[in-house]
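Colleague: my questions concern the predicted model and sequence given below.
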Amino acid sequence: MRSLLATVILAAVLGVSAAQAEKRIFIVANNADGYGVDRCLASGEKCGNAAAMAYCKSREFAQATSFRQIDKDEITGAIPTNPGSCKGSSCEQFVAIECSR
């Protein structure tokens, strides 16, 4: 009986810690409205932490663990690479935001 109780408690503890450790990386276009991605995250401004945190919270995550600007080459197959996606001399840029629960 004690070993069954200990097993149940251990499973519950492991289940809670696994749920808390859930992480997800979001790829956000530099021109995404409302979060300051272009001003704060992509350019590395001081407001980047707050912008990343707001983005994660809007996706029901507890916190932003990291964020950084990424190249299109780092995104595997999700973003079309046609040359028409550039406007003038600037091409669309992306930011990766890692959120955790």
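Modeller: Thanks, I have the structure now.

Colleague: residue 53 touches residue 66, doesn't it?
Modeller: No - Residue 53 is not in contact with residue 66 according to C-beta atoms under 8 Å; the separation is 11.5 Å. Using the backbone N, CA and C atoms, a C-beta is placed for each residue, glycine as well.

Colleague: who has more neighbours out of the two?
Modeller: residue 53 (18 against 12; other C-beta atoms under 10 Å).

Colleague: give me the element that one is part of.
Modeller: Take DSSP states H and E as the rule and residue 53 turns out to sit in helix 48-58.

Colleague: check which residues of that helix are buried.
Modeller: Across helix 48-58, burial judged by 16 or more other C-beta atoms under 10 Å covers 48, 51-53, 55-56.

Colleague: CA atoms only for that helix - export them in PDB, please.
Modeller: Extracted in PDB, the C-alpha atoms of helix 48-58 (Å, rounded to 0.1, in the frame of the first residue of the first chain):
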ATOM      1  CA  GLY A  48      12.600  43.800 -26.000                       C
ATOM      2  CA  ASN A  49      12.100  41.900 -22.700                       C
ATOM      3  CA  ALA A  50       8.700  43.500 -22.200                       C
ATOM      4  CA  ALA A  51       7.700  42.900 -25.800                       C
ATOM      5  CA  ALA A  52       8.700  39.300 -25.700                       C
ATOM      6  CA  MET A  53       6.900  38.800 -22.300                       C
ATOM      7  CA  ALA A  54       3.700  40.400 -23.700                       C
ATOM      8  CA  TYR A  55       3.800  38.200 -26.700                       C
ATOM      9  CA  CYS A  56       4.200  35.000 -24.500                       C
ATOM     10  CA  LYS A  57       1.500  36.000 -22.100                       C
ATOM     11  CA  SER A  58      -0.900  36.600 -25.100                       C
END
